[in-house]
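Peer 1: Here is my input; please provide its structure:
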Amino acid sequence: MRIWCEASVLIAKIIGRCSAISKDTQRINEEIRAREVRLVAADNEQLGIMPLREALRLATEQNLDLVEVAPLARPPVCRIMDFGKFKYEQQKRDKEAKKKQKVVTVKEVKVRPNIEDHDFNVKLKNAERFLLDGDKVKATVMFRGRELSHPELGKKVLVRMAAELKDIANVERDPKLEGKNMIMILAAKQQH
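Peer 2: Numbering: from 1, shown residues only. As a prediction, this is how the structure comes out:
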């Protein structure tokens, strides 16, 4: 029984290593462990299945690297390419994609059900500023004590806020009571 358990743990580790191969840990040249590989040339021409030594020889003749691109295939697929140039271009693409990515954060505006007009306008201006910056706004009405017996007052405040911001925001989540708070989420409208 003990031997079987140790063997199954060892197999799980081996399988885990095989499936954990990512684009950051690609094997190149002598790191490739397969006997035979399916080879793709630098110009995307299929060269077929051949022994690893032959594939390495072809890559070194062209002063390029042999890169394992599909390690889980049978036999593994390898490609002849300039690995340094490939990694550089990949980093450039990743950096460019990261630049275009917009991180949306959720900013919170907290109010009370019996808020005065001036205080409401201050919170409204803050919410408007957050929305114009491209963030989402979580409008929260906090209830204390007996105020919780009149949730319609909190809903009235949130509906008023949504109506005031209707030109620049959409209601993503309608006002809903969660515990002692009523929450509504607003998202900025897309500018075309």
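
Peer 1: Can you give the domain ranges for this protein?
Peer 2: According to automatic domain parsing, the chain comprises the domains 25-84, 106-188.

Peer 1: where among these is the average confidence lowest?
Peer 2: Comparing mean pLDDT across the domains of the chain, the weakest is domain 25-84, with a mean of 85.

Peer 1: which SSE is Ala139 in?
Peer 2: Using DSSP states H and E, the secondary-structure element containing Ala139 is strand 136-142.

Peer 1: Show me what counts as buried in that strand.
Peer 2: Of the residues in strand 136-142, those scored as buried under the neighbour-count criterion (16 or more other C-beta atoms under 10 Å) are 136-141. Just so you know, the C-beta spots here come from the backbone N, C-alpha and C atoms, and that holds for glycine as well.

Peer 1: burial of Lys155, as a residue count?
Peer 2: By other C-beta atoms under 10 Å, 18 other residues sit near Lys155.

Peer 1: Tell me where the protein has strands.
Peer 2: Residue ranges of the strands in the chain, as given by DSSP state E, are 36-40, 46-51, 65-70, 77-81, 106-111, 136-142, 169-178, 181-188.

Peer 1: which residues sit against the fifth one?
Peer 2: If I follow you right, that is strand 106-111. Among residues not part of strand 106-111, those counted as contacts by C-beta atoms under 8 Å, 6 or more residues apart in numbering are 119-120, 123, 126-127, 130, 135-142, 157, 161, 185.
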